[in-house]
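*Asks:* structure, please.
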Amino acid sequence: MPRGTIRTILALGFLGGLAGGLIRAVASLTSQKHLSLGRLRLAWITLVDGLDKGILRGLAAALVLIAAGAVVRFVWKKAVAPYWQLELRTVKSPAAFRVFRGPLSRIRHAAASFVRSVTGPSSGIPRIPLALGWIFLAMTVAVPILERIAPPRGPNVLLVVADALRPDHLGCYGSTAGLSPNIDRAAADSLVFNRAMSSAPWTKPSVGSLMTSLYPREHGAYFFYDILPPSVLTLAEAFRDKGYATIGIQKNGCLSPGYGFEQGFEAYVDTTRDSEADMLRILERRIKRAGRRPFFAYIHYMNTHVPYTSGETIDSKFTPGSDTGIDIRILTRLGLSDGDKDRIRGFYGKAVAAFDGHFGAILAMLRERGIEDDTVVVLTSDHGEELWDHGDFEHCHTLYNELLHVPLLVRAPSKLPARRVSAWVQHLDLYPFLLGLAGIDGSEGIRGRDFLPDLSAQAFPENREFFFEGLLYGPARTAILRGDWKLIDNQGETSPKALTLLGPMTPYWPAPNRPPFELYDLGADPKELRNVAETHPDIVRDLKRRLDLFKSSGFGVPTASSRKLSKEEKDKLRSLGYFK
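*Replies:* As a prediction, this is how the structure comes out:
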């Protein structure tokens, strides 16, 4: 193929990719709030990323076209032309070919003229694509180079999430089973929050709240197929806007790329098929690649989620061919014995011990790299796990505390003293708190409260209100916690997006008949076994009014968008017990 033709095709591919990337980048900036919030670095990154992908696509298409043209030309000259006595640049073609030769030639010359008109003379490399290429290259490398020359100041932040980890199985929260020696040692020089709460009883809405400091109805990732919208500003985006290297490593299919949780992460690695040892190697490699830049890393483990992986999984003993929580819930209704329940609790305990080993390996890696004292390490869970506390199994289905109470440890020896905090806090508070530790302002447009000033003053606000929602199974429920009083409203309707608790067997076991409201005094009844709504009607009315105000106000519900799952994704999530 003539060099001039190759240059023409490459120039068209470059310009087409540049235009397409610019259109996509502008569309992304329009859907986000980066410019309105003054997050200029994030807006710049979005623009460069859009141009990068667009130009790569355009050049890839051009190269494919050039390769295809070369193949067609070769086949024509070697296999077709000798038999038809044709040559590409002769006029000896049959009439049928001469019909197309004129229009095709005019199209080619028109394209060449267009390219020359916008790029300059055809000899050498076209001027405008070359100039645009250098500008694009400068945009791509300028920010990383500046960040390495003058990295931002601030501590490293490592957020470790253990899926479905109950606090009462850890020694630092009172367990005597000896399952968590590494966590307990870390707790000895950490802030330990005795009464930390999630905002929802399952992963997607809970992690959405943790990453945005908004309640599920406000960030929009409420049901199984929902996507975290680009209009919310995530914790990773807030760190990246200040020059942090941002690393996400997760193992839960609900958070796979495509659901929006990758927003703000330079690297977001889905490790659903990898081992925990692989996760640690990926984390260490990414930390090393960050160089002198401080990093924000989020790593999400699945040991303590069904099927409770610790070398021997729960499904090998109790489920007929599939490792799902639905099977255990069905067996519960068929009369699962107390002995079998204890054996399943034993599997869960082994999974806790397995995760403790992985957590210890993370701390050892930080120590070996000499950055342990420069890294704020946060350990929490996205939600709890029911082990028949209220007669059922797993999570997603109630708003009782066994599904909402989570461990929360913050280890920062050079910044925070070791102490226990008995005040109520919620996942939403981690967003402003961690940004505050890094000297970053993150107070705009969020629900959470930075409790660093409260720690300094040794006084937390009394009667603060916390809200809970986001059931995956059955009718919607909401709850409010104020002081030690907790009200659960059971009067919600069933969304068409909700899943069924027992899969196809749900119609054979009607849902329990719950009262409209449940009121618990958590100071006197922390396990929520005595509903005192009838004896405290004034408290019910007051909390109901506050709950209704929360439902009607909020920060605005984003337009919910969803995506379909591939067969592979369905298989992953089915193995986690979400549906059959």
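*Asks:* how near is the residue nearest to Asp184 when sequence neighbours are not counted to Ala364?
*Replies:* Nearest residue to Asp184, sequence neighbours excluded (Cβ to Cβ, 6 or more residues apart in numbering): Gly171, at 4.1 Å. Just so you know, the C-beta spots here come from the backbone N, C-alpha and C atoms, and that holds for glycine as well. Computed as Cβ to Cβ, to the nearest Å, the Gly171 to Ala364 distance reads 19 Å.
*Asks:* what's the answer for Leu56, then?
*Replies:* Counting by Cβ to Cβ, the gap from Leu56 to Ala364 is 39 Å.
*Asks:* again with Glu276
*Replies:* Counting by Cβ to Cβ, the gap from Glu276 to Ala364 is 14 Å.
*Asks:* who has more neighbours, these two?
*Replies:* Glu276 (20 against 13; other Cβ atoms under 10 Å).
*Asks:* would you mind finding the longest helix in this structure?
*Replies:* helix 40-75 (DSSP state H).
*Asks:* gap between that helix and the chain center?
*Replies:* With Cα atoms, centre = their mean, to the nearest Å as the basis, helix 40-75 stands 28 Å off its chain's centre.
*Asks:* what sits closest to Ala238 if chain neighbours are left out?
*Replies:* That would be Gly442: by Cβ to Cβ, 6+ apart, it lies 5.1 Å from Ala238.
*Asks:* was I right about that neighbour contacting Leu430?
*Replies:* No - contact between Gly442 and Leu430 fails when scored by Cβ atoms under 8 Å: they sit 10.6 Å apart.
*Asks:* so who does the residue nearest to the spatial centre of the chain touch?
*Replies:* Nearest to the geometric centre of the chain sits Phe261, at 2.9 Å (Cα atoms, centre = their mean). Residues near Phe261 by Cβ atoms under 8 Å, 6 or more residues apart in numbering: Val207, Gly208, Met211, Ala221, Leu228, Thr234, Gly248, Gln250, Leu255, Tyr268.
*Asks:* can you list the low-confidence ranges for the stretch 151-300 of the chain?
*Replies:* 151 (pLDDT under 70).
*Asks:* one step back: wait, the residue nearest to Asp184 sits on Ile183?
*Replies:* Yes - using Cβ under 8 Å, Gly171 is in contact with Ile183, at 7.4 Å.
*Asks:* these two: which has the busier surroundings?
*Replies:* Ile183 (26 against 17).
*Asks:* which strand or helix spans that one?
*Replies:* If you go by DSSP states H and E, Ile183 is part of helix 181-187.
*Asks:* flag every buried residue along that helix.
*Replies:* Residues of helix 181-187 classed as buried by neighbour count (16 or more other Cβ atoms under 10 Å): Asn182, Ile183, Asp184, Ala186, Ala187.
*Asks:* thinking the first one is in contact with Phe355, fair?
*Replies:* In this case it means Asn182. No - counting by Cβ under 8 Å, Asn182 stays clear of Phe355, with 9.4 Å between them.
*Asks:* mind listing the strands in the stretch 451-580 of the chain by residue range?
*Replies:* Counting by DSSP state E, counting those that start in this stretch, one finds strands in the stretch 451-580 of the chain at the ranges 465-468, 478-482, 485-489, 517-521.
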